[in-house]
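Asker: what's the 3D shape of this:
(one chain, ligands or ions: 1)
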Amino acid sequence: MNYKTFVNQIKLEYTKNMNQKERIKKIIEALDAQYGTDFICYLEHKNALELLIATILSAQCTDARVNTVTPTLFAKYKNAKDFANADLAELEDIIHPLGFYHAKAVNIIGCCKKLDDKFGGEVPSSIEDLTSLPGVGRKTANVIRGNIYHEPSIVVDTHVGRISRKLGITKKEDPKDVEFDLMKKIPKDHWILWNIHLITLGRSICKAPKPKCGECFLREYCPTGQNACKNGEYHI
Ligand code: SF4
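Answerer: All right, here's what the predicted structure looks like:
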């Protein structure tokens, strides 16, 4: 047995003996140490409305791509009334590069009509009010609650669901089930950071479809990473 295999086996035994609560604590400590505890939002915005629109646009699209379009968009439409009165074809033309542009444009106009009619043009903070807006699901609502109002909330996007399962913290697949499961297991003071940290990890190390377990600082606490190392399958 070579040294690397020996060390990995020791770590595997160690991890097996930790209960899930201890393991989650270690994972959170490692994430904090690696990425810090500042709230980072990858969608560029200057206010709640801009973040709401940018998040609607980010469906099936990268944040970086959304950021290439929003400066033009926000220069033309400055408030909820502007978006509510937008010409559908003109709006579609601007957001065309982001995909699903027709559905997104319809949702943005519908959402801003309701914001203007019912909420005085302001973006509300409660999950019920936010999810009552056209095109706004729990993910978008939680982005607003966390980033704008700093209300504890867990945004479950593709990285959060995938990596939380790899870390053995949830077995759920449906985003709402994952969110509720994580709320039971992640300390409330880390709900917002959980999304920020896992997105950062998912973009750099725990990539789909080939996570780089060999260089991951969470490997010691991650059953997927431990198994990959045991089987010599990790990717550097
Ligand atoms: S050890 Fe591998 S599977 Fe686990 S979090 Fe790190 S990169 Fe992802």
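
Asker: so where does the closest residue to the ligand within the chain fall, helix or strand?
Answerer: In the chain, the residue that lies nearest the ligand is Gly225 (2.3 Å; CB to the nearest ligand atom). The way it works is simple: take the backbone N, C-alpha and C, and place the C-beta from them, glycine included. For Gly225, the host element (DSSP states H and E) is helix 223-230.

Asker: cool, and Tyr42?
Answerer: Here Tyr42 is assigned to no helix or strand, by DSSP H and E.

Asker: any idea how far the residue nearest to it when sequence neighbours are not counted is from Gly135?
Answerer: Residue nearest to Tyr42 in three dimensions, not counting chain neighbours: Asp63, with 4.1 Å by CB to CB, 6 or more residues apart in numbering. Distance of Asp63 to Gly135, computed by CB to CB, to the nearest Å: 17 Å.

Asker: more crowded one of the two?
Answerer: Between Asp63 and Gly135, Gly135 has the larger neighbour count (other CB atoms under 10 Å), namely 21 against 17.

Asker: show me the contacts for Leu198.
Answerer: By CB atoms under 8 Å, 6 or more residues apart in numbering, the residues touching Leu198 are His159, Val160, Ile163, Ser164, Cys206.

Asker: equivalent analysis for Ile94, please.
Answerer: Going by CB under 8 Å, 6+ apart, Ile94 touches Val69, Thr72, Leu73, Lys76.

Asker: list the buried ones in the helix of greatest length in the chain?
Answerer: Counting by DSSP state H, the longest helix found in the chain is helix 101-118. For helix 101-118, burial by neighbour count (16 or more other CB atoms under 10 Å) applies to 101, 104-105, 107-116.

Asker: so which elements touch that helix?
Answerer: If you count contacts as 3 or more CB pairs under 8 Å, 6 or more residues apart in numbering; DSSP states H and E, helix 101-118 packs onto helix 48-57, helix 80-84, helix 88-95.

Asker: CA atoms of it as PDB?
Answerer: Output of helix 101-118 as PDB, limited to C-alpha atoms (Å, rounded to 0.1, in the frame of the first residue of the first chain):
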ATOM      1  CA  TYR A 101     -36.200  35.400 -24.500                       C
ATOM      2  CA  HIS A 102     -39.900  35.400 -25.300                       C
ATOM      3  CA  ALA A 103     -40.900  33.700 -22.000                       C
ATOM      4  CA  LYS A 104     -38.500  35.900 -20.000                       C
ATOM      5  CA  ALA A 105     -39.800  39.100 -21.600                       C
ATOM      6  CA  VAL A 106     -43.400  38.200 -20.900                       C
ATOM      7  CA  ASN A 107     -42.500  37.300 -17.300                       C
ATOM      8  CA  ILE A 108     -40.600  40.600 -16.800                       C
ATOM      9  CA  ILE A 109     -43.400  42.700 -18.100                       C
ATOM     10  CA  GLY A 110     -46.000  40.700 -16.100                       C
ATOM     11  CA  CYS A 111     -43.900  40.800 -13.000                       C
ATOM     12  CA  CYS A 112     -43.300  44.600 -13.200                       C
ATOM     13  CA  LYS A 113     -47.000  45.300 -14.000                       C
ATOM     14  CA  LYS A 114     -47.900  43.500 -10.700                       C
ATOM     15  CA  LEU A 115     -45.100  45.300  -8.900                       C
ATOM     16  CA  ASP A 116     -46.400  48.600 -10.100                       C
ATOM     17  CA  ASP A 117     -50.100  47.800  -9.500                       C
ATOM     18  CA  LYS A 118     -49.800  46.100  -6.100                       C
END
